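**Q** got a sequence here, can you model it:
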Amino acid sequence: MDDASAALVVDARGVVTGWSEGARRLTGFSADEAVGRPVRDLLAEEPGSGETRPGGPPLPAGVVTARHRDGHAMTIRTEAVPLRGPGDETAGFVITAAPADARETSLGGTVFEQSSLPVSVFDTEHRFVRLNAAACEAMGGSEETLLGRTFLDAAGRSEANRVIDRNMGTVAETGRPMRDETYSQAGADHGRRAWDVEMWPLRDTTGRVTGTALAGLDSTEQHGARRRLALIDEATTALGTTLDAVRTAEELVALLVPDFADFAAVDLLDWVLDAEAPPPRDDLDIVMRRVAHASAGPDAPARVVPLGRTDVYPPYSPPAMALREGRAVLARRGEPGFDRWMAEREPQSLRTEKARASRIHAELAVPLLARGTTLGVAVALRNLRPEEFVEDDAVLAEEIAGRAAVSVDNARRFARERATAMTLQNSLLPKVRPGQAAVEIAHRYLPTASAAGIGGDWFDVIPLSGTRVALVVGDVVGHGIPSTATMGRLCTAVRTLADVDLPPEELLTHLDDLVTHLTADERDDVPELGATCLYAVYDPVSRLLTVAAAGHPPPALLLPGGTCRLVPLNAGPPLGVGSMPFEATELKLPEGSVVAFYTDGLVDGRGRDVDHATQELCRALTVPAGSLDAQCDVVLKHVLPEEPGDDVALLLVRTRALGAGQVAARDVARDPEEVAAVRKWALDLLSAWDLDDISFVTELVVSELITNAIRYGETPIRVRLIRDRTLICEVTDSSSTSPHLRRAHAFDEGGRGLLLVAQLTQRWGSRQADGGKTIWAEQALPRR
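**A** Presented below is the predicted three-dimensional model:
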């Protein structure tokens, strides 16, 4: 035993019966002075209640304050071993004592003192009984200042420390060791540290638990590595959930705050949000726009720059340095550039002595770089947590910012392609004129907002001869610029074929051949073309609607009485399949009928039943609306999916009919003398219609067309005049040979008739029909 150690024997009543020389050297009392006295008389302070128990040692195990013979108080550490008497009763105790700062020379004591792990010993009331040097350093005090204090009093009453204190109580009660992991701020540490804590019970020779021991392993570095890996793993799923640059920026700041920073912000260069090409860089002040920021709480840094506003970053600021150097920049208080930057950024309210404690002390600026292009910067600030940013934080921030930058760049590229596709699509979509003689029209076109991009849906309203109108709706498979370009090709082809005035089923056959040829001509790296199309022709004179479809949904028909149903038709195969014929369906419609043409984006979608959606379409058409345009909105409100996955084109037409007073017709015999009779019939009709102003041109046109039919056509021959927004003259015969313009030479007696017709009318043409052809010409009506 060390020279400073003492041993004494007390009986069961706590009276000293034995006194060693070490006890004399430690306390100054001789054996004669100490033997026979209660051992408690030697204490400078009476132990508190609960520190000793009936039948237990008269002195508490651990650190007590004793009185030296010369009167000064001294701190000693005691241990008691019971002495057994007859009947295994406690006859007394052997008490060993030593100065509290004395160190054991035994191997166990040496290991305890020299261990690099903080090891502490507590009594059953969680008071420090002993600490090694590593524990004192971790707690931020000397052993003299910590002995006798409770763990919570010395370490602080954080939630993590409360958990450790509760677990020590559990260990003392159950006698079973426990293991815990905490992340908190230790006494002398200015930063938060992670500890793997081991707790086990301490027992006396009888097996009774007299205290607990605690050893801690500083796992801050491992905890930081796990936290960084977890943050990177979270970034994989949290960033880039949408093709929206602002949303990605919001996801980035939500990821950084509060686990990584007390405040975070993302600023983007203006051209990124406009989906433009990057401008040339310079080293002058950088202007960026704030798109997202977040704070850990009310005491976090203030949002100096409002969302959506621009800010100027001077060259010495950390964000400007990060953009210029293309790497993460660490800055902290005390650095000239950082202090100058913070002095300019902090509002006046923070420039007071009271607010200095909450000032920003560390900043980390990371450029957003993707595919060699600088898009903006992410800034992280700390003022609540005391630790500064370190190089590992910079590496982590660059990894996360890189992932976010790729998502922002993808969103920028998508926005740019979408804008290009929409511009192209808007230029290709028809500019539908509202003044149609055959129908009243209303339409809607809704491009999809999905990541797939703009689709290839289109519609068209094409005026035909004889006041008829062609109604077209189609859908190209796929999305993006290729689909939009294909849509433009098909839209142009339909207009060209419609100008030839082919029947719907023949037009789709030619269109199918075109798609087949386009598919065969495409390169290997271009996906196969595919499209659906519906082509309908409505004649307001006969009130006939002729419809043919190539893989397209059937239109819905709302009759004036309020009944709504789908038009029964054979949809046929999609365009490009080939080898199968198309069939037309013909319906005679009452005036005022509403026909709804649409693309499948209106009724189809993930988890939707198409039949149910088309029933909803029919019900929506029956809802009263003030106008056809308002009825479009009603249909979209009731039928459109909440999140459409495809473009939606909707075309509503209300049919009109030309009355008997607007149409006149007569048969013509194949006799040259009939020409004069037809001219007179036409002039009388114009007089009845109050169109004498154009009688001269009409007489010439009728004469030329009838003469050609009699000379070159076949019977039966029929002439028809239609008065609507124009005056239309039609001559039909059973010959399939179409006339054409030709240049007449100076001495030719004929060949100038059609040339005169073309020059005197707005337009003219011919159309084929079953068993013959029709030549027609339109004249403008006189202004009234």
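**Q** give me every residue that touches Ser465.
**A** Shown in contact with Ser465 (Cβ atoms under 8 Å, 6 or more residues apart in numbering): 501, 728, 730, 765, 767, 774, 776, 778. C-beta coordinates here come from the backbone N, C-alpha and C atoms, glycine included.
**Q** columns secondary structure, neighbour count and pLDDT on top of those residues, output as a markdown table?
**A** Listed next are those as a markdown table, based on DSSP: H, G, I helix; E, B strand; the rest coil; neighbours: other Cβ atoms under 10 Å; pLDDT from 0 to 100:
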| residue | secondary structure | neighbour count | pLDDT |
| --- | --- | --- | --- |
| Asp501 | coil | 21 | 87 |
| Ile728 | strand | 21 | 92 |
| Glu730 | strand | 20 | 92 |
| Gly765 | strand | 16 | 87 |
| Arg767 | strand | 20 | 86 |
| Thr774 | strand | 20 | 90 |
| Trp776 | strand | 23 | 90 |
| Glu778 | strand | 22 | 91 |
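**Q** turn those residues into CSV, including distance to Thr78.
**A** What follows is the contacts of Ser465, written out as CSV (distance: Cβ to Cβ, whole Å):
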residue, distance to Thr78
Asp501, 116
Ile728, 123
Glu730, 126
Gly765, 120
Arg767, 120
Thr774, 124
Trp776, 123
Glu778, 121
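**Q** ok, the residues you listed vs Gly551, which is closest?
**A** Asp501 (23.8 Å; Cβ to Cβ).
**Q** thought Leu464 was touching the closest one, still the case?
**A** Yes. With contact defined as Cβ atoms under 8 Å, Asp501 counts as touching Leu464 (6.2 Å).
**Q** next structured bit after the helix of greatest length in the chain?
**A** With secondary structure taken from DSSP state H, the chain has its longest helix at helix 391-428. Scanning forward in sequence from helix 391-428 by DSSP states H and E, the next helix or strand is strand 439-446.
**Q** which SSE is immediately downstream of the helix or strand where Arg25 lies?
**A** Arg25 belongs to helix 21-27 when assigned by DSSP H and E. With elements assigned by DSSP H and E, the helix or strand that comes after helix 21-27 is helix 31-34.
**Q** keeping just the C-alphas, turn that next one into CSV.
**A** The C-alpha coordinates for helix 31-34 follow below in CSV (Å, rounded to 0.1, in the frame of the first residue of the first chain):
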residue,chain,number,x,y,z
ALA,A,31,-3.8,5.5,17.8
ASP,A,32,-4.5,6.6,21.4
GLU,A,33,-6.5,9.6,20.1
ALA,A,34,-8.5,7.7,17.5
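**Q** what's the neighbour count on Met74?
**A** Met74 is flanked by 15 other residues according to other Cβ atoms under 10 Å.
**Q** who's it bridged to?
**A** With DSSP bridges applied, Met74 shows beta-bridge pairing to Ala66.
**Q** who's in contact with it?
**A** If you count contacts by Cβ under 8 Å, 6+ apart, Met74 has them with 65-68, 99.
**Q** go again using 7 Å as the cut-off
**A** Residues in contact with Met74 (Cβ atoms under 7 Å, 6 or more residues apart in numbering) are 66, 68, 99.
**Q** in space, what's closest to Pro560 - neighbours in sequence excluded?
**A** What sits nearest to Pro560 in space, not counting adjacent residues and going by Cβ to Cβ, 6 or more residues apart in numbering, is Gly592, at 4.5 Å.
**Q** sec struct for the one you found, please.
**A** Assigned with DSSP: H, G, I helix; E, B strand; the rest coil, Gly592 falls in the coil class.
**Q** just say helix, strand or coil for the spatially most central residue of the chain.
**A** What sits nearest the mean C-alpha location of the chain, by Cα atoms, centre = their mean, is Thr242, with 3.0 Å. Under the three-state scheme (three-state DSSP), Thr242 adopts coil.
**Q** what's the domain layout of this structure?
**A** Following automatic domain parsing, the chain resolves into domains at 6-99, 107-218, 224-417, 433-655, 660-780.
**Q** so which of those is nearest Thr423?
**A** From those, taking Cβ to Cβ, the stretch that ends up closest is domain 433-655, at 9.5 Å.
**Q** which residues of the stretch 451-600 of the chain fall in helices?
**A** Using DSSP state H, counting those that start in this stretch, the helices of the stretch 451-600 of the chain run over 481-499, 504-521.
**Q** so which of those gets nearest Ala630?
**A** helix 481-499 (27.3 Å).
**Q** for that closest one, C-alpha coordinates in CSV please.
**A** Extracted C-alpha coordinates of helix 481-499, given in CSV (Å, rounded to 0.1, in the frame of the first residue of the first chain):
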residue,chain,number,x,y,z
ILE,A,481,-39.2,17.6,-80.8
PRO,A,482,-39.2,14.5,-83.0
SER,A,483,-42.9,13.9,-82.3
THR,A,484,-43.7,17.6,-82.8
ALA,A,485,-41.8,17.5,-86.2
THR,A,486,-43.7,14.4,-87.3
MET,A,487,-46.9,16.1,-86.3
GLY,A,488,-46.0,19.0,-88.5
ARG,A,489,-45.4,16.6,-91.4
LEU,A,490,-48.7,14.9,-91.0
CYS,A,491,-50.6,18.1,-90.5
THR,A,492,-49.2,19.5,-93.7
ALA,A,493,-50.0,16.2,-95.5
VAL,A,494,-53.6,16.2,-94.4
ARG,A,495,-54.1,19.8,-95.6
THR,A,496,-52.6,18.9,-99.0
LEU,A,497,-54.7,15.8,-99.3
ALA,A,498,-57.8,17.7,-98.2
ASP,A,499,-57.2,20.2,-100.9
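**Q** which strands or helices does that helix pack on?
**A** helix 391-428, strand 455-463, strand 469-479, helix 504-521 (3 or more Cβ pairs under 7 Å, 6 or more residues apart in numbering; DSSP states H and E).
**Q** want to throw those into CSV with distance to Pro782, mean pLDDT and mean neighbour count?
**A** CSV is the format used below for those (distance: least, Cβ to Cβ, whole Å; pLDDT from 0 to 100; neighbours: other Cβ atoms under 10 Å):
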stretch, distance to Pro782, mean pLDDT, mean neighbour count
helix 391-428, 36, 81, 19
strand 455-463, 21, 86, 24
strand 469-479, 24, 87, 24
helix 504-521, 35, 86, 18
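**Q** can I get the ones you listed in CSV with distance to Val16?
**A** Output for the helices and strands packed on helix 481-499, formatted as CSV (distance: least, Cβ to Cβ, whole Å):
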stretch, distance to Val16
helix 391-428, 61
strand 455-463, 100
strand 469-479, 97
helix 504-521, 111
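**Q** which is the next helix or strand following the helix or strand bottoming out on mean pLDDT in the chain?
**A** Across the helices and strands of the chain, mean confidence by mean pLDDT, DSSP states H and E is lowest for helix 107-114: a mean of 73. Following helix 107-114 in sequence order, the next helix or strand is strand 119-123 (DSSP H and E).
**Q** what pairs with that following strand, parallel or antiparallel?
**A** strand 128-131 (antiparallel), strand 209-218 (antiparallel).
**Q** tell me which of these lies nearest to Ile164.
**A** Closest to Ile164 of those, according to Cβ to Cβ: strand 209-218, at 7.6 Å.
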